[in-house]
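S.K.: next one to model:
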Amino acid sequence: MTQQPHPDSLGITVTCAVVTVSDTRTPETDKSGQLIQQLLFGSNYAVGAYTIIKDESTQIQEQIENLGKSSNLDAVIFNGGTGIAPRDTTYDAIEKLLEKTLPGFGELFRFLSYQEIGSRAIASRAVAGVYQDKLIFSLPGSSNAVRLAMEKLIVPELTHLVSQLCKGVK
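M.R.: Numbers count the residues shown, from 1 in each chain. Prediction:
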């Protein structure tokens, strides 16, 4: 069991958007997007938006900019497009917009991935940060990677991170 340095704020409701970046997935075949939503609901987080977009930098940036304007969202969780293949543009599109980065997220994700899949973890460009007072997470599209990131990193820290962003803002 991991120790928490201090308790999370009680009474805070966290609402997330889930964005799948894929040229081929549909709502019916989007196992990773469905898994993210299930894990959020199972941890008493709300899902305020869900969409699938093409792996195109302009679409990804437009999506993050539009969601950044939404006052009812606290976090946006992207999945897909974080590798190094020519069509993997999610990292490049998001990284340019982040106002603050959370380097520990990517570092820990790759460390945990390494324990599961070995040296192939180096190809992941999972990233997290802040845009327009919203947490942004970008995960690989693999359901195993999504489960790992959600269960080990995002779900345990989401309330705490959102409460840190809200200090002095709301």
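S.K.: so who does Arg87 touch?
M.R.: For Arg87, the contacting residues are 23, 55, 81, by CB atoms under 8 Å, 6 or more residues apart in numbering. From N, CA and C alone the C-beta is placed, and that goes for glycine too.
S.K.: quick one: the helices in the protein, in order.
M.R.: For the chain, the helices defined by DSSP state H cover 31-42, 57-68, 90-95, 103-117, 143-149, 155-166.
S.K.: kindly give a single PyMOL line that selects the buried subset of the contacts of Arg87.
M.R.: The buried subset of the contacts of Arg87, as determined by 16 or more other CB atoms under 10 Å, is captured in PyMOL by this line:
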select buried, resi 55+81
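S.K.: tell me the contacts of the spatially closest residue to Tyr45 that is not a sequence neighbour?
M.R.: Using CB to CB, 6 or more residues apart in numbering and skipping residues adjacent in sequence, the residue nearest Tyr45 is Val14, 4.9 Å away. Contact analysis of Val14 by CB under 8 Å, 6+ apart lists 45-46, 74-75, 158-159, 162.
S.K.: now the contacts of Arg87 in a markdown table, with distance to Leu148?
M.R.: As requested, the contacts of Arg87 are exported to a markdown table (distance: CB to CB, whole Å):
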| residue | distance to Leu148 |
| --- | --- |
| Asp23 | 24 |
| Asp55 | 21 |
| Gly81 | 17 |
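S.K.: pLDDT below threshold where in the chain?
M.R.: Where the chain drops to pLDDT under 70, the residues are 1-11, 168-170.
S.K.: picking up where we left off before, which of the contacts of Arg87 lies closest to Leu40?
M.R.: Closest to Leu40 out of these is Gly81 (20.2 Å), distances taken as CB to CB.
S.K.: the closest one reaches Ser57, doesn't it?
M.R.: No: taking contacts as CB atoms under 8 Å, Gly81 lies outside contact range of Ser57: 9.6 Å.
S.K.: joint contacts of these two?
M.R.: Common neighbours of Gly81 and Ser57, using CB under 8 Å, 6+ apart, are Thr89.
S.K.: now tabulate the helices of the chain in CSV and tack on mean neighbour count and distance to Val130.
M.R.: Below are these laid out as CSV (neighbours: other CB atoms under 10 Å; distance: least, CB to CB, whole Å):
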stretch, mean neighbour count, distance to Val130
helix 31-42, 18, 19
helix 57-68, 17, 10
helix 90-95, 21, 11
helix 103-117, 16, 11
helix 143-149, 20, 17
helix 155-166, 17, 7
